[in-house]
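Engineer: sequence first, then the predicted structure:
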Amino acid sequence: MTIKDCCRIALLALVASAAAEWGIAAEPFGYPPTISLDEVRQRVDKAPVQHPRLLADRKTLAGLRQAATADPLSGAVAEAIIREAKSLRNEEPAERRLQGRRLLGVSRQVVGRVLSLATAYHLTGDQRHADRCRQEMLAAARFSDWNPSHFLDVGEMTFALAIGYDWLFDRLSPAERQEIRKAIVEKGVRLPWETRHNGWVRVTNNWGQVCHGGITAGALAVMEDEPELAAKTVHSALHNVTRSMASYAPEGSYPEGPGYWSYGTSYNVILIALLESVFQSDFGLGGVPGFNQTGQYLNLVTGPSGLAFNYADGSASRSGEPAVFWLADRYKRPDWTLSHRELLQASMQRPGAERGGRFLPLLLLWMRPSSESVDIRMPLSWQSRSATPIAVHRSSWTDPQATFVGLKGGSPSASHGQMDIGSFVLDADGVRWAHDLGAEGYHGIESRGMDLWSRDQDSDRWTIFRQSNHGHNTLVIDGQLQKASADARIIDFSDDATEPYTVVDMSALYEGQAKSVVRQIRLFASREVLIEDRLAGLKPGSRIRWGMITKAEPDTLGRPALELREGNARLGLQALSPRQSAWQVIDTATPRQEWDSPNEGTRMVAFEAEAPPGGELRLSVLATPGSATESVRDRLQGNRSASPEKR
């Protein structure tokens, strides 16, 4: 045996070992997928044609009732699904009503209804659930189209009808199957091949994941009738969804924030699960760098308050994500599901629309019984090292009073980007003290004829309060905007357990306003946080605003020290530099422009500093939780230089 043969055998053994650890069958497919169209055709020809086959087979669906008894949370989810299905009996099927240029809300409604009704049927055997699901699918199949000009709408609607068609195949008459199958093909799967509606195929954002996932579901649902169309669709997905999946590298982060992580990753997981359920292979998609770590991302960017670090266009609120349970099972990381189980348990008594999203029924396929003791292997401090750099630090994973802080770099011109460079969120004592306002509603802006999606410096996007740096916890110099095309990198990071910190260079964002702008955030053993800015090259007399949006009530203003109160919790804010700083409150609740949404219950605590003749300025704020028993304030005040290299 040659050395080359020995190396080849060793490599194959390593691949097999890794595949076994990750819970997938050893396959001769690497990343990126290289499988040819002819090979996919052969796979389609050999694939079983019985229904159901998408995500689950007949045995799995028949066992859902027993699986729901695996642990109390599974049972609660099953009961919630059945309640939702019963409530839908009194609802009319969805209608084709656009909101502006989107049918997306309707498509998502149909996804949730079909999944709930089809799952409830398999849980109970109650024919009324199947009948109501058939009614929903036929109504959608009879829409004039699924709004292909906004192809996300098509992707989700195709997924909905594919699942219903497959999971209830035996409950449909031949004529009903033909009608639904025709709609899946003509209003969904065939469009990117025969029309101009294919601009999403090679995109790098969440559209690629959603549309490839939804359209592939449709193709695999009807593959015995449309084998060539199925083969082409699968081949296209394998070779193009990697453009979107590349964003997970290298640490599993997501450039469009946690809200869009939920959207894109849910359909990415669905795509892989579809391929494995039909072909017993992911064809290498699981090998995307960072994908094997992304299951921890939502936990990493969520504070003890239960709110996420909602940079980009997204909400801070969270719900239990079925995709996380799939990822946790795939990569043998039960610690990734901890907060998701808590969120699900808390949401089971809410109305259906608020209970866990339209993918909730998939939990019964992907959730595994919880164990009493879980080893938490997620880091306390972490940086994304991605195109949209963020960093988070927390004092504990188990202490409900832990301090959590997140800091963002990157560029406003990124997908769903905002002028939030240098912005931060802060939790302590179970309260979110520093908030991000999240996204402005898309339809309200677009309906005015405003261009929400241009990233040019003079774009309408930056006239929206929530999108500009005026509406974020970052610096504003002389009332000006950040530079939309600029980019900020994390230039220093420490995950040292005693005093972790992150430093981001924001200089390019303030081109023409300052030569150098660097922000550092540091977490102390006291659970206090220092936010420090060092600016140079300022124009003498320039006014620099330091601001933090909060929902807490401030006490006496006009001094360097300020206390915020929310319920029984307290947070002290001490402006260490400039020492003569005077805290003020800026109204963020009232809309600035007629197109801005109100931000009820919020305000910005802020102070301004004037650039001295030399053009150099340091702004330092120490945040002290009310439960902290000691403080580093005296140490910092005695050492005017708080940068890590001079400690």
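Structural biologist: Sure thing, it's come through. All values reported here derive from a predicted model rather than from experimental measurement. Residues are numbered from 1 along each chain as shown.
Engineer: which stretches in the stretch 301-450 of the chain count as strands?
Structural biologist: According to DSSP state E, counting those that start in this stretch, the stretch 301-450 of the chain carries its strands in the segments 381-383, 390-394, 404-408, 424-428, 431-434.
Engineer: how about these in CSV, adding distance to Trp583, mean pLDDT and mean neighbour count?
Structural biologist: In this view, the C-beta of every residue, glycine as well, is placed from N, C-alpha and C. As requested, these are exported to CSV (distance: least, C-beta to C-beta, whole Å; pLDDT from 0 to 100; neighbours: other C-beta atoms under 10 Å):
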stretch, distance to Trp583, mean pLDDT, mean neighbour count
strand 381-383, 29, 98, 22
strand 390-394, 24, 98, 26
strand 404-408, 20, 98, 28
strand 424-428, 16, 98, 27
strand 431-434, 14, 98, 26
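Engineer: in TSV: these, plus distance to Lys483.
Structural biologist: Formatted as TSV, those follow (distance: least, C-beta to C-beta, whole Å):
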stretch	distance to Lys483
strand 381-383	23
strand 390-394	19
strand 404-408	16
strand 424-428	20
strand 431-434	24
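Engineer: out of the ones you listed, which gets nearest to Asp505?
Structural biologist: Proximity to Asp505 (C-beta to C-beta) singles out strand 404-408 among the strands of the stretch 301-450 of the chain, at 12.1 Å.
Engineer: against which helices or strands is the closest one packed?
Structural biologist: Counting contacts by 3 or more C-beta pairs under 8 Å, 6 or more residues apart in numbering; DSSP states H and E, strand 404-408 is packed against strand 390-394, strand 424-428, strand 501-505, strand 516-523.
Engineer: can you put these in CSV and add distance to Arg318?
Structural biologist: Formatted as CSV, the helices and strands packed on strand 404-408 follow (distance: least, C-beta to C-beta, whole Å):
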stretch, distance to Arg318
strand 390-394, 15
strand 424-428, 13
strand 501-505, 23
strand 516-523, 22
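Engineer: for those strands, which one sits closest to Leu619?
Structural biologist: Comparing the helices and strands packed on strand 404-408 by C-beta to C-beta, strand 516-523 comes nearest, at 9.0 Å.
Engineer: avg pLDDT for the helix or strand following the closest one?
Structural biologist: The element immediately downstream of strand 516-523 (helix or strand, assigned by DSSP states H and E) is strand 529-536. The average pLDDT for strand 529-536 rounds to 98.
Engineer: give the buried residues for the helix or strand following strand 529-536.
Structural biologist: On the C-terminal side of strand 529-536, the nearest following helix or strand under DSSP H and E is strand 543-550. Neighbour-count burial for strand 543-550 flags Ile544, Arg545, Trp546, Gly547, Met548, Ile549, Thr550 (criterion: 16 or more other C-beta atoms under 10 Å).
Engineer: pLDDT of strand 543-550, averaged?
Structural biologist: Mean per-residue pLDDT for strand 543-550: 98.
Engineer: what does it rub up against?
Structural biologist: Here strand 543-550 makes contact (C-beta atoms under 8 Å, 6 or more residues apart in numbering) with 426, 433-437, 471-479, 533, 535, 538, 564, 573, 575, 586, 588, 599, 602-611, 617, 619, 621.
Engineer: next, count neighbours for the closest residue to Gly188 other than its chain neighbours.
Structural biologist: Distances taken as C-beta to C-beta, 6 or more residues apart in numbering put Thr158 closest to Gly188, at 3.5 Å, once the chain neighbours are dropped. When neighbours are counted by other C-beta atoms under 10 Å, Thr158 registers 30.
Engineer: same thing with Glu553?
Structural biologist: Applying other C-beta under 10 Å, I find that Glu553 has 11 neighbouring residues.
Engineer: over to the one 4 residues further on?
Structural biologist: Counted with other C-beta under 10 Å, the burial measure for Leu557 works out to 12 neighbours.
Engineer: that one touches Ala575, doesn't it?
Structural biologist: No - if you go by C-beta atoms under 8 Å, Leu557 and Ala575 don't touch, sitting 11.8 Å apart.
Engineer: and Arg618, that's in a helix?
Structural biologist: No - Arg618 is assigned strand when assessed by DSSP: H, G, I helix; E, B strand; the rest coil, not a helix.
Engineer: identify the bridge partners of it.
Structural biologist: Taking DSSP bridges, one obtains Arg534 as the residues bridged to Arg618.
Engineer: could you shift the numbering so residue one becomes 3, and keep it that way?
Structural biologist: Okay, using 3 as the starting number, the last item reads as Arg620.
Engineer: that one touches Asp535, doesn't it?
Structural biologist: Yes - using C-beta under 8 Å, Arg620 is in contact with Asp535, at 7.0 Å.
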